[in-house]
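Participant: Curious how this folds, go ahead:
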Amino acid sequence: MQKEKIGPLTSLRFFAAIFVVLGHTFVEGAVIHPAHFAGNLLSVSFIAVGFFFVLSGYILSHVYLRSGAPVDRKRFWWSRFARIYPLYLASLVLDLPSLISNCMISGHLHREIARVIVTFLGNGAMLQVWWIYLRQVNNPSWSLAVEAVFYLLFPLVCVRLWKIRPSLAPYLGAGMYIAGLSLTLVAERLHVDQTLIMYNPVFHLHEFFAGVLLARWHFSALDSDRLKKALTRVAPWLMVTAMFLLVIVTAEFNRIPLLLLKDGLLVPLYALLIVSAASRNPLIDRMLSIPVLVTLGEASYGMYLLHIPFWHLLLKVTEPFGGIHTVPRYLAYVGLVIGASVLIFYQFEAPVRRWILNRRPTKALLGLTELVKEPT
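Facilitator: Numbering: from 1, shown residues only. Got it, this is the predicted structure:
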């Protein structure tokens, strides 16, 4: 079931991933004051995670639902496991020294050893979004635990969402969007723990479903010559609008409720980006289908998962030399993250995925033609 790769969307994954990398490390590493516009921009880098959630729903729909063929649940789940889990587990192992170091501060050896074991195994089982106490190793990996819930639900729920008439998809998506934000506000009024509201999958479901419903409407529109031409023509303006909204969010960051930003307030912005990038506008295709950008987009999963383990390791290594707190050293760190992620994509992610798919439960369930490039 090989599907055509949408180059501009793959490239956008790189920009979203590097946005997260810079947001987590730039202010600290390069000594940039967070009150500046650049500091504000990087302070909202977490919005890229919501973009990934919406994009995931969109791309999975493109790969598994657009053709109208039935979705084999076991085949889908096995493919998703092969796609995300090997590097996810490797990132936890890579950040294990930082976890051990943090846990051993108290000096209660037996208790802290137990804490390390429980934390590592809990994250390995992707339970950190259900038991927030576990979020002590490679913190960005929480979003993969949320994605795992999406993957469990996709062949159960999203195949039914796909049956809705395309003309109704925007209305259902808007309803889910309002319901999702309302759930966040109600939980806040009920004094639910804010970390639970930010990270629990329940509060992000509307983002993933929005991506599925966006794909339902958009692919139907692209099947109409009239609508396809209109979307192709206005796509650059949609992207400009999305960038303008990002500037407004950055400028007004301190006035926007953080929980809403964390839980999908910007779904319309994400939708504009996705539609503009996937509408086959020649200008956007030329700009965002450059081979190097597409390659970086394919490696973006590694950038996202490995940047914090690398950061922790480099902080320890460079501590005797003053740390990473100079611009040249910080740029070297970013270059290392990007270069290592590309290498890991080709030398670890892809080969291990093929190996796992080749050990499928039965040949009837899986085939190696499932090797499509999908965002996580």
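
Participant: most residues in a single helix of the protein, which one?
Facilitator: The helix that spans the most residues within the chain, counting by DSSP state H, is helix 225-251.

Participant: Pull out the buried residues from it.
Facilitator: Buried residues in helix 225-251, counted by 16 or more other CB atoms under 10 Å: Leu231, Thr232, Ala235, Pro236, Leu238, Met239, Thr241, Ala242, Leu246, Val249, Thr250. (C-beta placed from N, C-alpha, C; glycine too.)

Participant: list the contacts for Asn138?
Facilitator: Neighbour list for Asn138: Ser91, Leu92, Leu94, Asp95, Asn123, Leu305, Ile308, Pro309 [criterion: CB atoms under 8 Å, 6 or more residues apart in numbering].

Participant: Give me the nearest residue to it, chain neighbours excluded.
Facilitator: Once flanking residues are discounted, Asn138 sits nearest to Asp95: 4.1 Å by CB to CB, 6 or more residues apart in numbering.

Participant: number of nearby residues for Pro351?
Facilitator: Other residues lying near Pro351 total 12 when counted by other CB atoms under 10 Å.

Participant: re earlier: looking at the contacts of Asn138, which is nearest Phe14?
Facilitator: Closest approach to Phe14 among the contacts of Asn138 (CB to CB): Leu305, at 14.0 Å.

Participant: so what's the closest one up against?
Facilitator: Residues near Leu305 by CB under 8 Å, 6+ apart: Leu87, Tyr88, Ser91, Asn138, Pro140, Ser141, Leu144.

Participant: Name the helix or strand for the first one, please.
Facilitator: Leu87 is part of helix 73-94 when elements are defined by DSSP states H and E.

Participant: buried set for the helix or strand immediately after that helix in the chain?
Facilitator: Beyond helix 73-94 on the C-terminal side, the first helix or strand identified by DSSP H and E is helix 96-103. Going by neighbour count (16+ other CB under 10 Å), the buried part of helix 96-103 is Leu96, Ser98, Leu99, Ile100, Asn102, Cys103.

Participant: if you skip the residues just before and after it, what's nearest to the second one?
Facilitator: Pointing back at Ser98 there. Nearest to Ser98 is His312, by CB to CB, 6+ apart, at 4.0 Å.

Participant: Look up phi and psi at the residue most central in space within the chain.
Facilitator: Nearest residue to the geometric centre of the chain (CA atoms, centre = their mean): Phe52, 3.5 Å. When read as degrees, to the nearest 10, the backbone of Phe52 gives phi -60, psi -40.

Participant: From the contacts of Leu305, pick the one nearest Val21.
Facilitator: For the contacts of Leu305, the nearest to Val21 is Pro140 (9.3 Å; CB to CB).

Participant: check contacts around that closest one.
Facilitator: Listed by CB under 8 Å, 6+ apart, the contact set of Pro140 reads Val20, His24, Tyr304, Leu305, His307, Ile308.

Participant: rerun that using 10 Å as the cut-off
Facilitator: Shown in contact with Pro140 (CB atoms under 10 Å, 6 or more residues apart in numbering): 20-21, 24, 46, 49, 91, 95, 304-309.

Participant: Format the residues you listed as a markdown table; extra columns: pLDDT.
Facilitator: Shown next, in a markdown table, are these (pLDDT from 0 to 100):
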| residue | pLDDT |
| --- | --- |
| Val20 | 96 |
| Val21 | 95 |
| His24 | 91 |
| Phe46 | 94 |
| Val49 | 97 |
| Ser91 | 97 |
| Asp95 | 96 |
| Tyr304 | 97 |
| Leu305 | 97 |
| Leu306 | 97 |
| His307 | 96 |
| Ile308 | 96 |
| Pro309 | 96 |
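
Participant: among those, who's most crowded?
Facilitator: Tyr304 (29 neighbours).

Participant: Using the three-state scheme, assign it.
Facilitator: State at Tyr304, reduced to three classes by DSSP: H, G, I helix; E, B strand; the rest coil: helix.
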